[in-house]
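> no sequence on this one, just coordinates:
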């Protein structure tokens, strides 16, 4: 969501590679040519400098470190005309290290107050242009020192975020210190007073471009004194007196372009400015609610003047600037750039207009009013796509950011507007974004990758990105040394990896290794990149093959490290989810065991269960659930305090999301497979919260809670606790009412365990009066349970099919009963020898439990079930065949028990034959 991209193409059976290059300089080299040895030190100096010019600062420094000659060439003044420090932590030490190369530096882009404080140490006395963002903490003092050290500054731009600590005093300092200033753009200043603006008039005679954007107050009268102004933007500025503006600004003799977008400008002011100004050529008034809501307003049609508003044809308005009628349509900016003869003033206007529109559209996209949906589809999206092809890097970046932003409906839930995303795709936006991502400039790579990432939430766009080679590009960008680029590329891979069809392609492109390396590279800095990398690995780990790739690349160690050390909720959540998915392939690879054996993994997950963030608790519980399928992990989780933590989680999540409830109960289900853990869960108070979860409205929670209670009920002490805590009505309700067949099945089995007679001994402990009370309560509960177990069995008893099976020994009759009774998911259950032995013992029970036991053994032995051969072997070892034959032949046995017993016998014969064939 590169300049160093390697893209494979097939030509005449041989592989070709596009070497790292900028868009203007690409060269194909065949495999045989690449194998030729080259003495790089013999290259001409100008060729080496050209190569350096196509690299970013990190790569340039890396290449310069190879030899003394290249180190000297890398310091050539022509390579240090501009510097983009936004992706780097620019402190005093870094600025001092760069100072020797910055004597001819003319343009700097920086980010944040710390970088602003360090700029003066670059000693770039010839600096002409300075642009900064994330300027909220930059103070008057910092601005004053910067401008005092850079007297020849011609362009100063701080924004688009608000400069909350900058006041008019800083504007006066700028005016006094920078007499050559031509362009000043500041965002979010509270009050720009007349005294400051008049200082600009007095000291900056060449100032022709002012942007006071999103300010709370600007002195309109003083702005009317800046006679040198050609371009003025007050977009987003509030408290403007439009009556004063319409009477003064039209007198500005050189004013060509005026931007009042996102203000409350009145229709009368717009009309007067257009009609009265002799020099004004273009007036931007997009998203001005007063103007937009006035249905009676009609844009005045004046020669050589254009109004750009939501309700006008913006492309037509821009085209009116040209004398050439062939320059028109949605590609108007592109046509202008390719035109051979364009009036100098028109070119200047369009350069300003590109900047203004990119800023306006991004701001509108950030607010995303629902009323502008049609505007985005018809004009907004095409404008952004056109601006992405600008020659101004800043405009390209902002247009890409706008595309990334305007499609988002709900950022928290990663929801985008399908129509907008597919409109971008239809208009060729994917290819344009991928071309930007191939740029050698970090800023363009980052914003293009962000847009690709957001758009790829839509499955159709994701498919187009993959078909256009986007996966290879994002995988390459994920290896970038620039954290912002790597972060957005990881976000793109995260969204693309949602699609099953893209997982393999990401692995083949080296995406898995790149994502794992990102975690190690930025482990102590950058929660954003860590969350995206872990999220992408979580999606990839859900695929069996990719899961192995993640493990081989060191993903287990990386993810456990995040779970142990990272404090950010989002990173913890995705790391736990990735570990859960890695552990979900226990039957096909050894990742489950590998995660459990990684030092500190289980302890970290147990600790995450106590997180205040629900998403973290949910994913950690899910990971422990999956890990508990391994015998060694199961015991190790308990030793790490997992029983206590999970019981506490189950107790606290009665009102939580179904996902958390399911995983909490599921983890206890997995741990309770061990009898020791089952007893520990009962003693820790785990029965009551599981009963509460069994009453949930969610089908998935029914299954996991019923499974956990089934395992717990195997122990007589726990069975009695279930009765005492009111668990029988809850299990009866599941057995008869749950939508899930599996929940009904396991609830019935739990009730069968509880009332097969083994619990009665526990009920007889204590005083005689207590024992009698327990026995009375048990009798009522037993009758209720047996009644609903019988009703459950009847749900799978087709009278006609059973009658046919009873009257015939034909396999087809039994097969029909089997298909009618089969619960598909039950084939995934794995029972121990003790559990199988208990069902065999139930076959001798004279009650309905005989039929229930036969039904359970049928489910566990149906051919094709994951653990059916295992269960068949246990039954053969326990001598089940004899008991089954007796059940099938018993005159007093229920018909269901007889038929089910015959089917189980046939299943055992099948498995025995399978074993014989293997031998």
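Everything's here; your move. In this text the structure is predicted, and so the values were computed from the model without any measurement.

> Only C-alpha atoms from now on, for both contacts and neighbour counts.
Noted.

> State the number of residues packed around residue 95.
Each residue near residue 95 was counted by other C-alpha atoms under 10 Å, and the total is 20.

> so which strand or helix has it?
When secondary structure is defined by DSSP states H and E, residue 95 falls within helix 92-98.

> Buried residues, that helix. List them.
Burial within helix 92-98, assessed by neighbour count using 16 or more other C-alpha atoms under 10 Å, is assigned to 92, 94, 95, 96, 98.

> Can you name the next helix or strand after that helix?
Where DSSP H and E defines the elements, the next helix or strand beyond helix 92-98 is strand 107-111.

> what's in contact with whichever helix or strand comes after that following strand?
Sequence order places helix 112-118 as the next helix or strand after strand 107-111, per DSSP H and E. Contacts of helix 112-118 from elsewhere in the structure, counted by C-alpha atoms under 8 Å, 6 or more residues apart in numbering, are 85, 89-92, 95, 110, 132-138, 142, 146.

> And helix 112-118, how far out from the chain middle?
Helix 112-118 has its C-alpha centroid displaced from the chain centroid by 30 Å (C-alpha atoms, centre = their mean, to the nearest Å).

> Could you do stretch 368-381 as well?
Centroid separation between stretch 368-381 and its chain, computed with C-alpha atoms, centre = their mean, is 25 Å.

> Any idea how far apart the tips of that stretch sit?
13 Å (C-alpha to C-alpha, to the nearest Å).

> Can you classify residue 365 as helix, strand or coil?
The three-state assignment at residue 365 reads helix, by DSSP: H, G, I helix; E, B strand; the rest coil.

> List the contacts of it.
Taking C-alpha under 8 Å, 6+ apart, we find residue 365 in contact with 402, 405, 406.

> So the second one sits against residue 366, correct?
Yes: under the contact definition of C-alpha atoms under 8 Å, residue 405 touches residue 366, with a separation of 6.3 Å.

> okay, those two: which has more neighbours?
Residue environment comparison for residue 405 versus residue 366 gives the larger neighbour count to residue 405, 24 against 15, counting by other C-alpha under 10 Å.

> Distance-wise, check that one relative to residue 705.
With distances defined as C-alpha to C-alpha, the gap from residue 405 to residue 705 amounts to 42 Å.

> Ok, residue 557 next?
Going from residue 557 to residue 705 by C-alpha to C-alpha gives 32 Å.

> And the contacts of helix 112-118, which of them are buried?
When neighbours are counted using 16+ other C-alpha under 10 Å, the contacts of helix 112-118 contain these buried positions: 85, 90-92, 95, 110, 132-138, 142, 146.

> Relative to residue 667, which of those residues is nearest.
Taking C-alpha to C-alpha as the measure, residue 134 is the one of the buried ones among the contacts of helix 112-118 closest to residue 667, at 44.5 Å.

> Check the nearest residue to the closest one once chain neighbours are set aside and give its pLDDT.
Taking C-alpha to C-alpha, 6 or more residues apart in numbering, and ignoring the residues beside it in sequence, residue 134 has residue 112 as its nearest neighbour in space, at 4.9 Å. Among the per-residue scores, residue 112 shows a pLDDT of 91.

> Tell me, how many residues neighbour residue 112?
Using other C-alpha under 10 Å, residue 112 is surrounded by 17 other residues.

> Starting from residue 488, give me the distance back to it.
Note on residue 112: its distance to residue 488, by C-alpha to C-alpha, is 20 Å.

> Next: residue 367.
Residue 367 sits 22 Å away from residue 488, going by C-alpha to C-alpha.

> same deal with residue 186?
Computed with C-alpha to C-alpha, the distance linking residue 186 and residue 488 is 27 Å.

> swap in residue 258?
35 Å.

> related to what we said a few turns ago, for residue 367 and residue 488, indicate the residue with more neighbours.
Neighbours were counted for residue 367 and for residue 488 using other C-alpha under 10 Å; residue 488 has more, 29 against 10.

> Assumed that one was part of a helix.
Yes: Residue 488 forms part of a helix when assessed by three-state DSSP.

> Surely it and residue 453 touch.
Yes: under the contact definition of C-alpha under 8 Å, residue 488 touches residue 453, with a separation of 7.2 Å.

> Now do the SS call for residue 131.
In the three-state summary, residue 131 is assigned as strand, counting by three-state DSSP.

> Can you give me the neighbour number for it?
Residues lying near residue 131 (other C-alpha under 10 Å) number 17.

> tell me, how many neighbours does residue 391 end up with?
Burial of residue 391 is recorded as 13 neighbouring residues (other C-alpha under 10 Å).
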